[in-house]
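S.K.: this one's sequence-less:
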């Protein structure tokens with residue numbers, strides 16, 4: 001199994017985390033191989049096995065993994081323990097002070113962002129696509145962590161693999177809401193090869209949103225999920241090929257007991 005980590009979170013006492021690649025699972029075809037998305041068209045038993053393998057790698061059990069029904073929103077839920085039943089709430093971020101709970105984010109080009117205040121033993125995880133990032137999912141996650149006792153100047157943040165600017169072509173209407181929010185956001189758009197199109201720097205924009213909250217320690221992984229087909233699932237790549245579905249990669253963070 002292949003997973004990536006960030007140094008700042010690796011060095012944090014009592015924290016386990018990982019940005020899992022698509023390698024090391026049991027799924028086949030479009031979902032080859034570590035597809036952890038129960039919302040995909042993959043065989044549910046395969047997905048459960050993949051999630052179990054990922055949790056084993058973090059030293060946890062499958063039941064300790066908590067994921068939500070992601071909807072590209074700024075909504076955050078506070079987690080006390082594993083879900084009961086098969087109907088998780090709609091949200092795009094989670095925070096917890098409970099040990100032995102892995103907060104899991106599922107992505108296929110969007111940016112997974114993991115947070116930790118090791119001193120306060122508060123962790124968070126956010127799914128930051130362009131819509132969620134623009135509408136405040138990062139800021140909402142930080143606020144929820146602070147309500148649980150975190151201090152902004154102690155929070156460590158890690159931005160995992162996502163689509164890179166070179167792969168993220170958007171239409172002429174796309175920059176407007178970003179620039180309306182802050183004229184400096186124009187810096188995250190570069191002209192594309194096709195006239196009237198732009199290339200959007202999602203990773204850079206998410207990093208700016210994190211830093212704007214006052215968080216000083218923001219690590220980033222530089223992978224491009226769209227172009228690194230052997231390592232990551234990609235919604236954009238699926239659309240370009242006209243494929244019917246795609247797998248979802250898992251990123252997770254947990255407090256040690």
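M.R.: Good, I have the coordinates. Keep in mind that what you see is a predicted model, and the values were worked out from it rather than measured. Numbering: from 1, shown residues only.

S.K.: spatially central residue in the protein, please.
M.R.: Centroid-nearest residue in the chain: residue 112, 1.5 Å away (criterion: CA atoms, centre = their mean).

S.K.: dump the residue contacts of it.
M.R.: 19, 105, 125, 126, 127, 128, 159, 160, 161, 162, 249, 251 (CB atoms under 8 Å, 6 or more residues apart in numbering). Bear in mind the C-beta positions are built from the backbone N, C-alpha and C, glycine included.

S.K.: restricted to buried residues, select the residues you listed in PyMOL.
M.R.: Remark: buried members of those, expressed as a PyMOL selection using 16 or more other CB atoms under 10 Å:
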select buried, resi 19+105+125+126+127+128+159+160+161+162+249+251
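
S.K.: out of the contacts of residue 112, which one sits closest to residue 177?
M.R.: For the contacts of residue 112, the minimum distance to residue 177 (CB to CB) is 15.4 Å, reached by residue 128.

S.K.: find the nearest non-adjacent residue to the closest one, please.
M.R.: residue 111 (4.4 Å; CB to CB, 6 or more residues apart in numbering).

S.K.: contacts only, for that neighbour.
M.R.: With CB under 8 Å, 6+ apart, residue 111 has these contacts: 127, 128, 129, 133, 159, 160, 162, 202, 203, 206.

S.K.: residue 237 against residue 229, yeah?
M.R.: Yes - using CB atoms under 8 Å, residue 237 is in contact with residue 229, at 6.6 Å.

S.K.: which one's more surrounded, these two?
M.R.: Legend: neighbour count by other CB atoms under 10 Å for residue 237 and residue 229, higher for residue 237 (20 against 11).

S.K.: and residue 65, what is it in contact with?
M.R.: Counted by CB under 8 Å, 6+ apart, residue 65 has contacts 51, 54, 55, 82, 102, 104, 252.

S.K.: can you rerun that using 10 Å?
M.R.: 36, 51-52, 54-55, 58, 82-83, 101-104, 250, 252, 254 (CB atoms under 10 Å, 6 or more residues apart in numbering).

S.K.: let me know the pLDDT of the residue lying closest to it once chain neighbours are set aside.
M.R.: Of all residues not flanking residue 65 in the chain, residue 102 sits nearest, at 4.7 Å (CB to CB, 6+ apart). pLDDT, residue 102: 98.

S.K.: ok, now residue 86?
M.R.: For residue 86, pLDDT reads 67.

S.K.: so residue 150 touches residue 95, yeah?
M.R.: Yes - because the distance of 8.3 Å satisfies CB atoms under 10 Å, residue 150 is recorded as touching residue 95.

S.K.: thanks again, I'm all set now.
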